[in-house]
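A.B. asks: sequence and predicted structure are below.
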Amino acid sequence: MKPFKYYQPTEIRFGRGTVNEVGKIVRMWGKRCLIVSVKAGNVFGPLYERIQSHLQEAGVAFTHFDGVIPNPTTDSITEGAKLAKEFAADVVLGVGGGSSIDTAKAIAVEATHPGTAWDYLYFKNQPTEKTLPIIAVSTTSGTGSQVTQVAVLTDPKTKTKSAIYNSIIYPRVAIVDPELMLSVPKHITASTGFDAFCHAFESYLHVGRSPYTDLLAKEAMRLVAKYLPEVVDNGSYQEGREAMAWADTLAGLCIANAGVTLPHGIGMTISGYCPHIMHGESLALTYPEFTRFTYPFAIDRFADMGRIFNPSLNTISDDQAAERSCEEIDKFLRRIGMWLSLKELGVSMEEINLIADHSRVLPDYKNNPRIASREDIYEMLIKAYERV
């Protein structure tokens, strides 16, 4: 067994009704709280009121930044950081999916450091202990951001999507209450749920994987394979929502300690150039091509994945099961309504060329069992352009 390390400083409060603990938890870390979320609307309005009531009961002053957008930009983060500074916030509470929690993390950095959050990407300056403590309340089951040291953000001027990566932005506490996910719409459930699978599987393939992350990844994949189709069909299925919330958390723990591979580098580039495409959609767009490109170089790993989706593959060889795993992913994507094409999502041929040019800017592709060239990625994108 090769040496490995595993680090997870986030306290996880998991279970139905745990959101009711939010006031006491935030009070442990500060007295002046910036809530970070999307706008209220009909769905989130009651939740925000509930959270604010708990903060009031705990004696926490608060203000609310509700300017979170999908695929958060440097502009939206700067707007939130300005409010945090004006309010003299000493703790940040991210409420929502990955975009809200990532925005909260980036605000916690920008509000306490010179420059903008973009100056603190993983290859630039690193944020310090001045970073505000972050509490996360997740409302979707997909990104795992509530337990990771990553905040993904986009520079709209260059259409570049990158990330802050530092242990200082691990949330101090993650509140994972499956009851908050009961109202998530069908397509967002499918998109975020597939993202959770991708986190688990790519960490299972990752060169930096360990026996610990393997254990978590296999359980996360099992839960997604079993429960995601049922939850897509019936969003109020509580047992399924609970299982998916746990799968998301497990997969987040995996990527925090191993990481992701080729599809995430491509997917982040897709969303950088086409911000209307959700992260889970960007992964689904290339997974059929990615699996066929990669499986011959990780037979045992793909065989394991294929057998999770289809136990009948236990009766055939690893080579056969690995090849068949690609078909299992195809069927799963169709089953959850994520069999997508670049054309139907409005991506132009010019954008495909730009995406291929820049999909290897992030280092994720280096962690794949098979290293893809620019031409390999372009070919995958062309195949994903007009899928039938």
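C.D. replies: The structure has been received and is ready for your questions. Numbers count the residues shown, from 1 in each chain.

A.B. asks: tell me which helix or strand in this structure has the weakest average pLDDT.
C.D. replies: helix 41-57 (a mean of 94; mean pLDDT, DSSP states H and E).

A.B. asks: just say helix, strand or coil for the spatially most central residue of the chain.
C.D. replies: Taking C-alpha atoms, centre = their mean as the criterion, Thr143 is the residue nearest the geometric centre of the chain, at 2.2 Å. The three-state label given to Thr143 by DSSP: H, G, I helix; E, B strand; the rest coil is coil.

A.B. asks: I'd say it and Gly96 touch.
C.D. replies: No: distance between Thr143 and Gly96: 9.9 Å, which falls outside the contact criterion (C-beta atoms under 8 Å). Bear in mind the C-beta positions are built from the backbone N, C-alpha and C, glycine included.

A.B. asks: now do the helices in the stretch 1-150 of the chain.
C.D. replies: Read by DSSP state H, counting those that start in this stretch, the stretch 1-150 of the chain holds these helices, from start to end of the chain: 22-29, 41-57, 74-87, 98-110.

A.B. asks: quick one: which of the ones you listed is nearest Pro127?
C.D. replies: Distances from Pro127 to each of the helices of the stretch 1-150 of the chain were compared by C-beta to C-beta, and the smallest falls on helix 98-110, at 4.5 Å.

A.B. asks: so which elements touch that closest one?
C.D. replies: Using 3 or more C-beta pairs under 8 Å, 6 or more residues apart in numbering; DSSP states H and E as the contact criterion, the elements in contact with helix 98-110 are strand 32-36, helix 74-87, strand 91-96, strand 134-138, strand 150-155, strand 160-165.

A.B. asks: only alpha carbons, please: show it as CSV.
C.D. replies: The C-alpha atoms that make up helix 98-110 are tabulated as CSV, following Å, rounded to 0.1, in the frame of the first residue of the first chain:
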residue,chain,number,x,y,z
GLY,A,98,-22.0,25.1,-5.4
SER,A,99,-22.3,28.6,-6.8
SER,A,100,-23.4,30.1,-3.5
ILE,A,101,-20.9,28.2,-1.4
ASP,A,102,-18.0,28.9,-3.8
THR,A,103,-19.0,32.6,-3.9
ALA,A,104,-19.0,32.7,-0.1
LYS,A,105,-15.5,31.2,0.0
ALA,A,106,-14.2,33.8,-2.5
ILE,A,107,-15.9,36.7,-0.7
ALA,A,108,-14.3,35.5,2.5
VAL,A,109,-10.9,35.9,0.8
GLU,A,110,-11.5,39.1,-1.1
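
A.B. asks: what average pLDDT does that helix get?
C.D. replies: Taken as a whole, helix 98-110 carries a mean pLDDT of 98.

A.B. asks: any idea of the angle that helix forms with helix 41-57?
C.D. replies: Between the axes of helix 98-110 and helix 41-57, defined by axes from the mean of the first three to the mean of the last three C-alpha atoms, to 10 degrees, the angle is 40 degrees.

A.B. asks: residues near the closest residue to Ala111 other than its chain neighbours, how many?
C.D. replies: Setting aside the residues directly before and after it, Ala111 is nearest to Ala84 in space (C-beta to C-beta, 6 or more residues apart in numbering), at 3.9 Å. Taking other C-beta atoms under 10 Å as the criterion, the count of residues near Ala84 is 25.

A.B. asks: same check, this time on Ala136
C.D. replies: Ala136: 28 surrounding residues under other C-beta under 10 Å.

A.B. asks: for it, give me its contacts.
C.D. replies: 93-94, 101, 104, 145-146, 171, 173-175 (C-beta atoms under 8 Å, 6 or more residues apart in numbering).

A.B. asks: TSV for those residues, including distance to Arg241 and neighbour count?
C.D. replies: As requested, those are exported to TSV (distance: C-beta to C-beta, whole Å; neighbours: other C-beta atoms under 10 Å):
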residue	distance to Arg241	neighbour count
Leu93	22	31
Gly94	20	31
Ile101	18	36
Ala104	23	33
Ser145	18	31
Gln146	15	27
Pro171	21	28
Val173	21	21
Ala174	16	27
Ile175	15	26
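
A.B. asks: which one of the residues you listed sits closest to Asp376?
C.D. replies: Closest to Asp376 out of those is Ser145 (29.0 Å), distances taken as C-beta to C-beta.
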